[in-house]
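> return atomic coordinates for the entry below.
(one chain, ligands or ions: 2)
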Amino acid sequence: MGRFKSSSLGYLDTPIEFLKGVGPQKGELLNKELNIFSFGDLLWSFPFRYIDKTQIHPISSLNPEEGYFQIKGILSSLQVLGSPRKKRMVGRLKDDSGSVELIWFKGVHFLQRTLQPGQTYIAYGKPSEFRGKVNIAHPEMELFIPGKGKERSALAPVYSSTEKLNTRGLDAKARRRLIETLLANLPTHVITENLPDYLLERTKLIGRFKALTKIHFPKSDKELTEARNRLKFEELFFLQLRLLEQKVDRQKQIKGLKFDTVGTFFNQFYHKKLQFELTDAQKRVIKEIRTDLGYGIQMNRLLQGDVGSGKTVVALMCMLISLDNGYQAVMMAPTEILATQHYNSLREMVAGLGLKIAFLSGNVKGKKRKELLKFLEQGDIDILVGTHAIIEDPVVFKNLGLAITDEQHRFGVKQRAKLWAKGKDIPPHILVMTATPIPRTLAMTLYGDLDISVIDELPPGRKEIITKHWYESSRLKLFGFLKKEIAKGRQVYVVYPLIEESEKLDLANLYQGYEAMQRDFPPDQYQMSIVHGRMKAADKEFEMQRFLKGETQIMVATTVIEVGVNVPNATVMVIENAERFGLSQLHQLRGRVGRGGDQSYCLLMTGFKLSEDSKVRLATMVRTNNGFEISEVDLKLRGQGSFEGTQQSGVPELHISDLR
Ligand code: ADP
Ligand code: MG
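Ligands and ions are numbered 1, 2, ... in the order given. Have a look, this model is predicted:
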């Protein structure tokens, strides 16, 4: 992060083994276990927690519910128990208020040599309850020396550690000592201020050197907060600066096609074909894109819009602008089913406008494919819709003007880059659409090279989807409810989780559920479709089409239906083992219903045993339909590192900031 802006990189680049007290062996350990290679790495390994040395609690007040405690007392007994192979050491610490058992399962040998019964110790750890009694496992022990109270008036840092480090002379105390040594010998000029004075004044942030010292050894909560604020600000400031830099560079360098006409295709569609009034949000976004396309600079835009917000028609209208300016357009979707659906609905929407739409996926083969590729190159195809087969090498356009990818989070950055190369001399404009709303700060880091448009409004007349969390015991009620909905002419999805590691098991689960349902929904009265990832594309497609046409009332499926399918007559989404889905997935799935005018329902089925996180996820789903709110919770639960798409998109690792 910011530290690479330092002008005296040299000193901080010194290999860690040269720090007093480290040496080659411990140096290697630090390399391997913690990725600490240099002085700088050590300095930038911030504590993840602090021990409040200002507080000593009476032993009688220990509470397993409240996290970490610091206590002080006499080590009244200490003994090694268990067999030689499974040794454990048990001690007892006593103060005026009571006593508590201390227990160690590791490092017994070492502790045996260092701990002295009869002496007073300060112990720090997390109490837990075992058979009705409170104990502390692996407490940190420090011999109490009267008069050496200086350190006790501060917050002591705790660094992330590993078992290897702990047993090879780099335990918590030793780590602390290393950073002390480093800071004590750090030449002041090494840490140069990298924020301008006026910013420091305006933000009232502390200086850089001070912050780096205080983050390791704050004397009070206030100092800690000041240090954190300063370092977070620095980190995010430079991150944003870099993103802006990238964007400016891109705008300077990349010449784009200038689409300055809005012509017949666009106007005819808008005035004659469009079946509904666009929402204000849709209008605004189309205008943003239109303006962007007219600059003569390549557009790179992210279109965010919750499920059902009507991104497809926006995409189409942008493609029509491209056609009006004499250029082809392409729309890419992550799955065959979704691509097919886009193809069909786009064809329907523009019927009669006299333009040619074609479909390409890995399944278009032989003569048909050859012909298609020829037409595409000749410019006889206006809009190409398909899967990632489109970005393969032999697919050549006559003049591609606009490339749209739907559900971006499934496409990597590399694939996006391949689209660029499909332009003739000038790269096509790029629009990526995602239904996974993400908080703006995260969007900035994820898609810093993109401009962002948001559709923050649903088409009018939609009824809020009613979401319920039901336990397995409500299964009969569930089936009864489904029958009522089907009797009204509605259709139903029943979705099972599919996680790759246990694919076999999950498939068995799916078929079991399918068979169980067949008992309650006999084939002479109900038609059921089944779709999963292991089926051939053609079979999947066949079943999807049956459901789409209303020939089957129940669609039992794995998450292959997650993204984008549009069956307005489907009003119930049943999610089995809902606790196994992530929040954004649940929200995506729920978005499959509520697409027509009828009241829709999402029923989350689970067993009774649920983790705390699962409970939060389910409660969030029941509480809100707002995708942005849901993604905020998701981000809190999972952290930005694990957020969908972050790994592949090269978000810089943040040292101290947390975008949650
Ligand atoms: P998503 O943003 O999830 O891709 P779609 O583009 O599939 O949403 O749109 C969902 C449904 O809403 C479609 O049936 C579409 O025809 C309809 N729709 C889109 N915009 C409007 C609008 N402004 N008014 C009414 N219906 C709309
Ligand atoms: Mg869509």
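
> contacts only, for residue 178.
Contacts for residue 178 (CB atoms under 8 Å, 6 or more residues apart in numbering) come out as 19, 21-22, 42, 170. Any C-beta I mention is one placed from the backbone N, CA and C, and that applies to glycine too.

> for the residue of the stretch 351-500 of the chain found nearest ligand 1, the count of nearby residues, please.
Nearest to ligand 1, among the residues of the stretch 351-500 of the chain, is residue 459, at 3.3 Å (CB to the nearest ligand atom). Neighbours of residue 459 under the rule other CB atoms under 10 Å: 17.

> got phi/psi on it?
Backbone dihedrals for residue 459, given as degrees, to the nearest 10, come out at phi -60, psi 150.

> sorry, back to before: now render the contacts of residue 178 as CSV, adding secondary structure and distance to residue 504.
Listed next are the contacts of residue 178 as CSV, based on DSSP: H, G, I helix; E, B strand; the rest coil; distance: CB to CB, whole Å:
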residue, secondary structure, distance to residue 504
19, coil, 51
21, coil, 53
22, coil, 49
42, helix, 47
170, coil, 43
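
> of all these, which comes closest to residue 316?
residue 42 (55.3 Å; CB to CB).

> what does the pLDDT read for that closest one?
Note for residue 42: predicted pLDDT of 94.

> wait, it touches residue 36, no?
Yes - the criterion here is CB atoms under 8 Å, and residue 42 meets it with residue 36 at 5.3 Å.

> what sits in contact with each of these two?
With CB under 8 Å, 6+ apart, residue 42 and residue 36 have common neighbours 16, 30.

> so which of the contacts of residue 178 comes closest to ligand 1?
For the contacts of residue 178, the nearest to ligand 1 is residue 42 (48.4 Å; CB to the nearest ligand atom).

> what about that closest one, how many neighbours?
Around residue 42 there are 23 residues (other CB under 10 Å).

> so that it lines up with my notes, have the first residue be 77 from now on.
Understood, numbering begins at 77; the last thing we discussed is residue 118.

> ok, it - contacts?
By CB under 8 Å, 6+ apart, the neighbours of residue 118 are 92, 95, 106, 112, 254-255, 258.

> can you pull the contacts of the closest residue to ligand 1 within the chain?
Of all residues in the chain, the one sitting closest to ligand 1 is residue 386 (2.8 Å; CB to the nearest ligand atom). Each residue near residue 386 by CB under 8 Å, 6+ apart is listed here: 354-355, 358, 531, 534-535.

> need these in a markdown table (columns: secondary structure and pLDDT).
A markdown table is the format used below for these (DSSP: H, G, I helix; E, B strand; the rest coil; pLDDT from 0 to 100):
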| residue | secondary structure | pLDDT |
| --- | --- | --- |
| 354 | coil | 97 |
| 355 | coil | 96 |
| 358 | helix | 97 |
| 531 | strand | 92 |
| 534 | coil | 86 |
| 535 | coil | 88 |
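
> for this protein, longest helix please?
helix 297-329 (DSSP state H).

> what average pLDDT does that one get?
The average pLDDT for helix 297-329 rounds to 83.

> residue 565 contacts residue 645, doesn't it?
Yes - using CB under 8 Å, residue 565 is in contact with residue 645, at 7.5 Å.

> which of the helices and strands in the chain ranks last by mean pLDDT?
Ranking every helix and strand in the chain by mean pLDDT, DSSP states H and E puts helix 516-522 at the bottom, with a mean of 64.

> let me see the ranges of the strands in the stretch 327-476 of the chain.
376-381, 404-408, 433-436, 459-462, 476-482 (DSSP state E, counting those that start in this stretch).
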